[in-house]
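Visitor: test case, fold it:
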Amino acid sequence: MYDDGNIILHQIIYDEEKLSIKEVKPLLPDSSIVQALTINGKILTWSPYYNFNGTKNIILNNKDGIITIDASIDTRTIIDDKIKGTNIYYKDDRIGLGRGPMHSYKFDIAVPENTLMTAFHVGDGKYGFSMGNGTAQGFIPEIIGMGSDENDAGLYFIGRAGNDIASSIPLIIIDGRNYQHQKVTNRPILGVTNSQYDDYKFLIDQNGLVGIGKIPEIYKLEVEGAIKATDFILDSSISITELMEIIIEQKTEIDILKNKVTALENSK
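Guide: Numbers count the residues shown, from 1 in each chain. As a prediction, this is how the structure comes out:
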């Protein structure tokens, strides 16, 4: 609860006639200056070396005498950037859960490897948005969205622009890269499945090939199944519809020519 008898009041809440301490912190050993606090007009003085009576109470002196505050429930001591008795870290206005706050993160949650664990959840515990480790073998970041009923989408991705300036950059970008921030060369970039991680309904591989219903192997687009479309435009700027019309027209002319040849042969 304290270190060498030196504690500093971090937060005091005055509720009607009752004072309660929410948190205490270690005080530097060389500090022996009497501290002065003002709460709702009441001036309380506190001497860091004479305020702990051994029964988990904080003693403050004011002009009317001694006020004793029970600090046995909410008292915390921060030692080596860690709140004693917890796995919560605090340093330089940064908070860490499970490990010390990293300098690049304002709020950091550590989730262990080889453990299925939700690290972050917003909702009622059943429905909502969650993030965590998605595998029991290693670590794969997992994002989960659960709607409140069957009519609700489980997860929304919304990109909102701050302006209407023309740009080639999409509102939502899915970017795959290796740990050296270079291209991935030996595994697909994006896959869409339906409860089966190895049965891809839609897949974009590392070469930009797209597979619908299958893994792309040769062609820019490979589809397992029939394709229905109004038209396809070929590189020659002629569409498949126009090409089919030409083929049908030529076939008709060929059939007419065949009929003429047949009639000529029969007339001999």
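
Visitor: the helix or strand where residue 250 lies - contacts with which helices or strands?
Guide: According to DSSP states H and E, residue 250 maps onto helix 240-266. Under the contact criterion of 3 or more Cβ pairs under 8 Å, 6 or more residues apart in numbering; DSSP states H and E, helix 240-266 touches no helix or strand at all. C-beta here means a position set from N, CA and C on the backbone, and glycine is covered the same way.

Visitor: and that helix, what's buried?
Guide: Of the residues in helix 240-266, none count as buried by neighbour count, 16 or more other Cβ atoms under 10 Å.

Visitor: again with stretch 163-175
Guide: Buried-residue list, stretch 163-175, by 16+ other Cβ under 10 Å: empty.

Visitor: repeat for stretch 137-145
Guide: Result for stretch 137-145 [16+ other Cβ under 10 Å]: buried residues residue 142.

Visitor: what sits up against that stretch?
Guide: 111, 113-114, 118, 128-135, 153-156 (Cβ atoms under 8 Å, 6 or more residues apart in numbering).

Visitor: export that stretch to PDB, keeping only CA atoms.
Guide: Once non-C-alpha atoms are left out, stretch 137-145 reads as follows in PDB (Å, rounded to 0.1, in the frame of the first residue of the first chain):
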ATOM      1  CA  GLN A 137      -1.100 -21.700 -32.600                       C
ATOM      2  CA  GLY A 138       0.800 -18.400 -32.700                       C
ATOM      3  CA  PHE A 139      -0.800 -15.000 -33.100                       C
ATOM      4  CA  ILE A 140      -3.200 -13.900 -35.800                       C
ATOM      5  CA  PRO A 141      -5.100 -10.600 -35.200                       C
ATOM      6  CA  GLU A 142      -8.800 -11.200 -35.400                       C
ATOM      7  CA  ILE A 143     -11.600  -8.700 -35.800                       C
ATOM      8  CA  ILE A 144     -15.100  -9.900 -34.900                       C
ATOM      9  CA  GLY A 145     -18.400  -8.100 -35.400                       C
END
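
Visitor: please compute how far that stretch lies from its chain's middle.
Guide: Relative to its chain's centre, stretch 137-145 lies at 10 Å (Cα atoms, centre = their mean, to the nearest Å).

Visitor: give me the phi and psi for the nearest residue to residue 128 once chain neighbours are set aside.
Guide: Using Cβ to Cβ, 6 or more residues apart in numbering and skipping residues adjacent in sequence, the residue nearest residue 128 is residue 122, 5.2 Å away. Dihedral angles of residue 122 (phi, psi; degrees, to the nearest 10) stand at phi -120, psi 120.

Visitor: what pLDDT is listed against residue 122?
Guide: The model reports residue 122 with a pLDDT of 92.

Visitor: if it is in a bridge, with which residues?
Guide: residue 129 (DSSP bridges).

Visitor: and it, how close does it get to residue 92?
Guide: From residue 122 across to residue 92, the span is 26 Å (Cβ to Cβ, to the nearest Å).

Visitor: and residue 194, by the same measure?
Guide: 45 Å.
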